[in-house]
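Q: No letters, just coordinates:
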């Protein structure tokens, strides 16, 4: 079995920042594992500016990743295209990739696996499941990395920052965006992003509404849009049909904690409880969007750095730490 001083699961901003901080505390045997073919998490597909990194100001996602990698010193091995399939007691992780399946015994493990998107299937939306229904992240990847055309007339469900950014990218690529639908009374993301991404393209924001039904057989043809009451439930007989061939959902993110669900840890509503990157298990640290969903990439990187420092301190002292 392979042995490592520190294993970091996830090569996004949290994982890279954790490795940088651990290096600065003297660790040299660090392995970062990520299932994607490149480092950076979702940042390589985020071509818009808005990722702050002092003193450089607002950067694109790829530019932000480049600054992190520049700060990463020699001695850190990064394995991309590799999946961590299991994590068991004693700091043993099972990895599957181009090298086959192997076990790695780690002195400490940092889980920085990020989060996953909720899909329309997780909502009480009726109808068939035709083609043309995507999550915001998948559309962002198809548009920005692969140059795919996803639809002609696209409705966005959810006005968080990612939803508004994707609406902007769609409009800029020539698609019609008749509406961004939001259940809350106001915009879900930053007001500056509404002005920058929606108002610039004259994209309507319809608040206090949701989508309750999909129409179409092979391809989406329309959605039913309903007003919601104060509790967020659709109001009967308030729906109307909105023609579209594409629906993009941006309805929330869920911390990626499946790897550690069988370990003796406390979870609350899918989030690791507590404010510390340390856990009840001395060798395990959780940070970034894997612990709780953050609004800004800077806070993800900061928490990752704290996890790296705590892991390095644990390894040097042979005891658990708090932060």
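A: Yes, it's here. Remember, predicted model here, so these are calculated numbers, not experimental data.
Q: from here on, contacts and neighbour counts on C-alpha atoms
A: Fine.
Q: got any ranges where the chain has weak pLDDT?
A: 54-55, 318-323 (pLDDT under 70).
Q: Mind naming the longest strand for it?
A: strand 100-111 (DSSP state E).
Q: can you give me the offset of it from its chain's centre?
A: Averaging C-alpha positions (Cα atoms, centre = their mean, to the nearest Å) puts strand 100-111 23 Å from its chain's average.
Q: Neighbouring strands - and their directions - for it?
A: Next to strand 100-111 in the sheet, as set by DSSP bridges, lie strand 2-9 (parallel), strand 92-97 (antiparallel), strand 284-286 (parallel).
Q: and of the ones you listed, who's closest to residue 236?
A: Residue 236 sits nearest to strand 284-286 of all the strands paired with strand 100-111, at 43.2 Å, using Cα to Cα.
Q: In whatever helix or strand comes next after that closest one, which residues are buried?
A: The element immediately downstream of strand 284-286 (helix or strand, assigned by DSSP states H and E) is helix 297-317. Using 16 or more other Cα atoms under 10 Å as the test for burial, helix 297-317 gives 297-298, 300-315.
Q: do the same with stretch 273-289
A: Under the neighbour-count criterion of 16+ other Cα under 10 Å, stretch 273-289 has 276-279, 282-289 buried.
Q: Looking at those residues, which is nearest residue 132?
A: Minimum distance to residue 132 across those is 27.8 Å, recorded for residue 289 (Cα to Cα).
Q: before we move on, the earlier item: redo the buried residues of stretch 273-289 as a markdown table? Include distance to residue 145.
A: Below are the buried residues of stretch 273-289 laid out as a markdown table (distance: Cα to Cα, whole Å):
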| residue | distance to residue 145 |
| --- | --- |
| 276 | 35 |
| 277 | 32 |
| 278 | 35 |
| 279 | 36 |
| 282 | 39 |
| 283 | 37 |
| 284 | 34 |
| 285 | 32 |
| 286 | 29 |
| 287 | 27 |
| 288 | 24 |
| 289 | 22 |
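Q: Nearest to residue 160 among those?
A: Set against residue 160, the nearest of the buried residues of stretch 273-289 by Cα to Cα is residue 289 (15.9 Å).
Q: Which residues are in contact with the nearest residue to the closest one once chain neighbours are set aside?
A: Closest residue in space to residue 289, ignoring its immediate chain neighbours: residue 114 at 4.5 Å, by Cα to Cα, 6 or more residues apart in numbering. Applying Cα atoms under 8 Å, 6 or more residues apart in numbering, we find residue 114 in contact with 10, 12, 41, 255-256, 288-290.
Q: tell me how far stretch 130-139 is from the chain's mean position?
A: With Cα atoms, centre = their mean, you get 16 Å for stretch 130-139.
Q: For it, give me every contacting residue.
A: Against stretch 130-139 from outside (Cα under 8 Å, 6+ apart): 117-120, 150-151, 162-163, 166, 215-220, 245-250.
Q: Looking at the buried residues of stretch 273-289, which is nearest residue 183?
A: residue 289 (23.5 Å).
Q: Helix or strand: which one has the residue of the chain most remote from its centre?
A: Of all residues in the chain, residue 237 has its C-alpha farthest from the mean position, at 35.7 Å, by Cα atoms, centre = their mean. Following DSSP H and E, one finds residue 237 outside all helices and strands.
Q: ok, residue 203 touching residue 175?
A: No. Using Cα atoms under 8 Å, residue 203 is not in contact with residue 175; the gap is 11.5 Å.
Q: so how far does stretch 249-269 reach from one end to the other?
A: 21 Å (Cα to Cα, to the nearest Å).
Q: Same question for stretch 7-15.
A: OK, stretch 7-15 end separation, Cα to Cα: 10 Å.
Q: Surely residue 165 forms part of a helix?
A: Yes. Under DSSP: H, G, I helix; E, B strand; the rest coil, residue 165 sits within a helix.
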